[in-house]
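**Q** Give the three-dimensional model of this entry:
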Amino acid sequence: MFAVCRADELAPGESTRFVADVPIAVFNADGAFYAVDDTCTHQDASLSAGFVEGCFVECPLHAAFFDLRDGKPTCPPAKRALRTHQVLVEGGTVYVQLAPREVELPLEAEGAA
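**A** Next up, the predicted model:
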């Protein structure tokens, strides 16, 4: 588990970024904290630099929207969901527990049964 920041240091609508196995973005969405992989699944752009509206973040590069609650894109051009992470606020500190990384199969192994 990573200690990210003090909860009162991240105002509603703001985000912060830290690097674990990959860059992670932590958002304060109207008082609820969410953590996702920081890189847009459409193209290499930092979502922590995006615009936060409610529980959604807009990618600053091509305007893809992602739901911070489940990581799913809500419009093109993004088609793949973001990896989401568990967030815990304890003693005024925001902690992030990283979700496991999905194993990507080599192309020749896809569809094999």
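
**Q** what about residue 7, how many neighbours?
**A** Look at residue 7: counted by other CB atoms under 10 Å, it has 15 neighbours. Every C-beta, even on glycine, is put in place using the N, C-alpha and C of the backbone.

**Q** Contacts only, for the residue nearest the centre of the chain.
**A** The residue lying closest to the centre of the chain (CA atoms, centre = their mean) is residue 36, at 1.7 Å. Contacts for residue 36 (CB atoms under 8 Å, 6 or more residues apart in numbering) come out as 24-25, 27, 47, 57, 66, 68, 71, 82-85.

**Q** quick one: low-confidence ranges for the chain?
**A** Residue ranges of the chain with pLDDT under 70: 103-113.

**Q** follow-up on the earlier one: from the contacts of residue 36, which land in helices?
**A** If you go by DSSP state H, the contacts of residue 36 have nothing in helices.

**Q** Distance to residue 92 and neighbour count added to those, as TSV?
**A** Output for the contacts of residue 36, formatted as TSV (distance: CB to CB, whole Å; neighbours: other CB atoms under 10 Å):
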residue	distance to residue 92	neighbour count
24	20	23
25	20	24
27	18	25
47	25	28
57	24	26
66	27	27
68	21	24
71	26	18
82	27	23
83	26	19
84	23	18
85	19	20
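
**Q** Tell me the one of those residues nearest residue 9?
**A** residue 27 (13.2 Å; CB to CB).

**Q** Would you map the strands across this protein?
**A** Counting by DSSP state E, the chain has strands at residues 2-6, 15-19, 23-29, 32-37, 51-53, 56-58, 65-67, 84-90, 93-97.

**Q** export the contacts of residue 36 to a markdown table and tack on distance to residue 41?
**A** Output for the contacts of residue 36, formatted as a markdown table (distance: CB to CB, whole Å):
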| residue | distance to residue 41 |
| --- | --- |
| 24 | 14 |
| 25 | 13 |
| 27 | 16 |
| 47 | 10 |
| 57 | 12 |
| 66 | 8 |
| 68 | 14 |
| 71 | 9 |
| 82 | 6 |
| 83 | 9 |
| 84 | 12 |
| 85 | 15 |
